[in-house]
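Asker: this one's structure only:
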C-alpha cells in the first residue's frame, strides 16, 4: 500500500522548501495604491441558504490616500452570480466590501465555481484573484429515503458483542448521486447505548458513499459515544486508505472494502476502523 511512502515524500518536500530560503533573496516591493483581497477569503467554500441574496467579500488597498476605484471581473460559467464593475474606496478608506449578488431560490443543488479578480491597479504582492466554491448549505441537500436495517460492525468487533439488527432512518443526498446517511445510529435508546452515554438532543449522521458499489466508503463519523476512551469516531478502512492516496482497486485487492449488492451494504472483516 502507498501509505508507507507518504511521510518520506512530505519530509523531502518540506526540506526542499526550507533550504531554498535565503536572506539575500528578499527585497522590499514598491509602494502601491493597489487593491487586494483579505487573506482569509482565499480559496474558500461559501455556504448559502435559500433566503440569502448577497455575499460580501472584503477588499483592501495598500494606502489610505485619495478616493480610488479598481476594476473587477467575475468568471462565472453558470451565470448565477454578479458583481459591480468596480470597487471604490473613499479618501482615507483602506477596506471595503464587494457584493456578489444572486437569487438563493434559483440555486440548484450543486457547487458553483467562480473566480473574482481585481483587474486594474491590483496590488502585486497581495491576493488579486479569489477562487470560490459557492453552494447551498449541506443541511438543505438531504431528503428522507425511508427506513432500513442497520447491523453494527464497529462496537461488536471492538468489544466482542453479539450483533443486533435495528431499524434506522435513511436520507439520500439531493445533489450527489450515491451519497446516503444513517440518522443517529448510536442515539439515545439504540442498541449498545445506555442512558447518559449520549446527548438525546444531539442528532448525528453517518454518511455512506456507494457511488462505487465495489468500494463503499463510510466517512469519519463522530458518534457522540464516550465509553471511557474519549469520543469514538468511526470510519471505513476504504476512506482511511483512499485519504492516504491509495486507489479503489488497491483497497479492493486487499479486501479492505465494502460492497453494495441488492441494496445491502456489507463490509469485509477488518474493513471498519474505530
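Answerer: It's in. Only a predicted model underlies this, so the values are computations on that prediction, with no experimental measurement involved.
Asker: can you map out the strands along the stretch 1-150 of the chain?
Answerer: Taking DSSP state E, counting those that start in this stretch as the criterion, the stretch 1-150 of the chain contains strands spanning 35-37, 45-48, 54-61, 68-75, 86-89, 95-101, 111-118, 129-136, 142-151.
Asker: can I get those in a markdown table with mean neighbour count?
Answerer: Where C-beta positions appear, they are placed from N, C-alpha and C, glycine not excepted. Shown next, in a markdown table, are these (neighbours: other CB atoms under 10 Å):
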| stretch | mean neighbour count |
| --- | --- |
| strand 35-37 | 24 |
| strand 45-48 | 14 |
| strand 54-61 | 18 |
| strand 68-75 | 16 |
| strand 86-89 | 18 |
| strand 95-101 | 16 |
| strand 111-118 | 18 |
| strand 129-136 | 18 |
| strand 142-151 | 12 |
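Asker: take those and write them to JSON lines, including distance to residue 258.
Answerer: Output for these, formatted as JSON lines (distance: least, CB to CB, whole Å):
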{"stretch": "strand 35-37", "distance to residue 258": "42"}
{"stretch": "strand 45-48", "distance to residue 258": "27"}
{"stretch": "strand 54-61", "distance to residue 258": "38"}
{"stretch": "strand 68-75", "distance to residue 258": "39"}
{"stretch": "strand 86-89", "distance to residue 258": "50"}
{"stretch": "strand 95-101", "distance to residue 258": "40"}
{"stretch": "strand 111-118", "distance to residue 258": "26"}
{"stretch": "strand 129-136", "distance to residue 258": "27"}
{"stretch": "strand 142-151", "distance to residue 258": "13"}
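Asker: going by mean pLDDT, which of those strands comes out lowest?
Answerer: Set side by side, the strands of the stretch 1-150 of the chain give their lowest mean pLDDT on strand 45-48, at a mean of 90.
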